[in-house]
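1. what's the 3D shape of this:
(one chain, ligands or ions: 2)
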Amino acid sequence: MEEVGHHNLEDRDLYEGAVRRRVCSKCIDFGEDGICHTQDIKGCAIFRFLPELVAIAEHLHEPTMELYIQAVRENICVKCRNQTPGDTCELRGKLDCGLDRYLELVFEAIDEVNTSRKRNQKRE
Ligand code: SF4
Ligand code: SF4
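-> Ligands and ions are numbered 1, 2, ... in the order given. Next up is the predicted model:
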């Protein structure tokens, strides 16, 4: 897949809302205080790289997760700076990356928003 570039994200609040509902609500780092307690000191990669994730979802329409995992590694992990030479990531190794842990749910959340946006565009 060609490299996915960073771009401004239209309707970012819709994508963020869907991620909060579908992913954060099930996330082990989401505290009873209603706050995210991610181990990632830069903040959860889902929100740091939301435009890139939406771009990946636009490019890929696959039944299995393999190509999504590959696209995330090639387009996001490389610029995340938590990844160290050799393509290893301590957070990923410890299952402490929210994006890596819930990748499938993240793309389900993005698809939900894309489907509803397309439906609304048809009505206009
Ligand atoms: S780590 Fe990510 S998925 Fe988990 S609660 Fe925080 S923002 Fe949501
Ligand atoms: S797996 Fe590691 S390098 Fe990739 S997004 Fe998560 S924290 Fe960043």
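
2. is ligand 1 contacted by stretch 27-42?
-> Yes - shown here: stretch 27-42 in contact with ligand 1 (C-beta under 6 Å from any ligand atom) through Cys27, Asp29, Phe30, Cys36, Thr38. C-beta here means a position set from N, CA and C on the backbone, and glycine is covered the same way.

3. correction: stretch 52-62
-> No - with C-beta under 6 Å from any ligand atom as the criterion, ligand 1 is not reached by stretch 52-62; the gap is at least 12.0 Å.

4. Could you export that stretch as CSV, CA atoms only?
-> Presented in CSV, the C-alpha positions along stretch 52-62 are these (Å, rounded to 0.1, in the frame of the first residue of the first chain):
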residue,chain,number,x,y,z
GLU,A,52,-3.8,8.3,9.4
LEU,A,53,-6.2,5.6,10.6
VAL,A,54,-9.1,7.1,8.7
ALA,A,55,-6.9,7.2,5.6
ILE,A,56,-5.9,3.5,6.0
ALA,A,57,-9.6,2.7,6.3
GLU,A,58,-10.2,4.6,3.0
HIS,A,59,-7.6,2.6,1.2
LEU,A,60,-8.3,-0.9,2.6
HIS,A,61,-11.4,-3.0,2.4
GLU,A,62,-10.3,-6.4,3.6
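
5. Can stretch 84-101 be said to contact ligand 2?
-> Yes - Stretch 84-101 reaches ligand 2 (C-beta under 6 Å from any ligand atom) through Cys89, Leu91, Arg92, Cys97, Leu99, Asp100.

6. Please report the distance of the closest residue to Phe30 other than its chain neighbours from ligand 2.
-> Nearest residue to Phe30, sequence neighbours excluded (C-beta to C-beta, 6 or more residues apart in numbering): Cys24, at 5.0 Å. Per C-beta to the nearest ligand atom, to the nearest Å, Cys24 is found 16 Å from ligand 2.

7. Sounds good, over and out.
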